[in-house]
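Chemist: Dropping the sequence and predicted coords here.
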Amino acid sequence: MRKQIVAGNWKMNNDLAQTESLITSLKSQTKTSNAEVMIAPTFTNLFQAYQALKDSKIEVIAQNMHFAANGAYTGEISASMLKSVGVETVILGHSERREYFGETDQILAKKVDAALANELRVIFCFGEVLADRKSGNHEAVVESQIKNALFHLEASAFKNIVLAYEPVWAIGTGETASPEQAQDMHAFIRKTLSNKYGADVANSVSILYGGSVKPNNAQEIFGKPDVDGGLIGGAALNADDFFAIVNAF
Ligand SMILES: O=C[C@H](O)COP(=O)(O)O
């Protein structure tokens with residue numbers, strides 16, 4: 001059975017005091033869910049967040065990392081640095097990293113390799129822009145993003161990979177893919193994996209949907225058979241909204 005996961009990506013929001021306050025609110029949410037729950041604070045607050053949540057069911061994860069082990073990469077963070085503050089999972093390939101920081105499939109392949117070599121689990125993000133969707137090119141774009149960054153891996157690597165389909169036109173826009181659009185793309189992603197690695201691998205990989213998931217649409221989206229959870233942006237900044245989404249499973 002595939003893992004169900006709801007991960008909150010806080011992006012560049014919340015200073016230390018705001019992080020502590022939001023974590024206090026998250027810890028007061030007692031209802032248990034079937035899903036694994038994760039939050040991704042900014043780098044500067046990872047250690048405090050980890051300390052505050054290490055005895056809870058909420059995992060603290062990172063939003064990004066560099067592929068090099070160390071060296072002259074001003075402003076960057078390595079896999080071992082993340083591990084040293086308790087992080088075991090990292091988001092890679094978010095569309096904001098691709099768009100604003102020039103992260104290509106080739107760079108992302110190196111980041112994935114570095115993360116896996118350091119025994120980090122990877123949440124690998126990808127998705128088409130609006131023009132691709134309008135031109136009917138969305139499946140080809142997603143297929144090439146997955147192939148270019150992941151298809152050099154052995155099948156066994158996929159036990160440490162979670163995929164996150166995030167149509168760029170739905171991120172932070174309030175416009176979400178319809179549950180049918182999400183399901184169609186997730187089924188396509190699974191077929192792409194199956195063609196390369198076989199059905200066992202394809203059926204074992206969790207595929208999350210991201211893009212304007214809110215309390216009022218989570219249940220319908222998560223109800224689709226190939227949607228195994230969500231990567232949540234804006235709604236993850238409010239504890240009640242986030243847990244309403246978590247409890248949509
Ligand atoms: O990482 C999260 C996604 O970019 C979704 O963000 P959003 O829920 O604010 O649309």
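Modeler: Good, I have the coordinates. Just so it is clear, the structure is predicted and the values come from calculations on it, not from any experiment. Numbers count the residues shown, from 1 in each chain.
Chemist: quick one: contacts for the closest residue to the ligand within the chain?
Modeler: In the chain, the residue that lies nearest the ligand is residue 233 (2.2 Å; CB to the nearest ligand atom). Every C-beta, even on glycine, is put in place using the N, C-alpha and C of the backbone. Applying CB atoms under 8 Å, 6 or more residues apart in numbering to residue 233 gives the contacts 9, 11, 171-172, 210.
Chemist: how much space is there between the most far-flung residue of the chain relative to its centre and residue 117?
Modeler: Going by CA atoms, centre = their mean, the residue of the chain most distant from its centre is residue 72, 27.6 Å out. Computed as CB to CB, to the nearest Å, the residue 72 to residue 117 distance reads 20 Å.
Chemist: Name the nearest of the contacts of residue 233 relative to residue 157.
Modeler: residue 210 (21.9 Å; CB to CB).
Chemist: for the closest one, phi and psi?
Modeler: When read as degrees, to the nearest 10, the backbone of residue 210 gives phi -140, psi 140.
Chemist: burial count for it?
Modeler: Residues lying near residue 210 (other CB atoms under 10 Å) number 27.
Chemist: isn't it right next to residue 125, touching?
Modeler: Yes. Using CB atoms under 8 Å, residue 210 is in contact with residue 125, at 7.0 Å.
Chemist: Please enumerate the shared neighbours of these two.
Modeler: Shared contacts of residue 210 and residue 125 (CB under 8 Å, 6+ apart): 164-166, 231.
Chemist: from the residues you listed, which ones fall inside helices?
Modeler: Here DSSP state H is the test, and the shared contacts of residue 210 and residue 125 give no hits in helices at all.
Chemist: what about the residue farthest from the centre of the chain, distance to residue 43?
Modeler: On the measure of CB to CB, residue 72 and residue 43 end up 18 Å apart.
Chemist: need the contact list for the spatially closest residue to residue 211 that is not a sequence neighbour.
Modeler: Leaving aside its sequence neighbours, residue 211 sits nearest to residue 170 (CB to CB, 6 or more residues apart in numbering; 2.9 Å). Contact analysis of residue 170 by CB under 8 Å, 6+ apart lists 176-177, 210-212.
Chemist: in this structure, which segments are predicted with low confidence?
Modeler: Scanning the chain for pLDDT under 70 picks out 30-31.
Chemist: near the ligand, which residues of it?
Modeler: Residues of the chain found near the ligand (CB under 6 Å from any ligand atom) are 9, 94, 166, 171-172, 210-213, 231-235.
Chemist: What residues of the longest helix belonging to the chain count as buried?
Modeler: Looking across the chain with DSSP H, the single longest helix is helix 179-197. The neighbour-count check on helix 179-197 (16 or more other CB atoms under 10 Å) flags 179, 181-186, 188-190, 192-193, 197 as buried.
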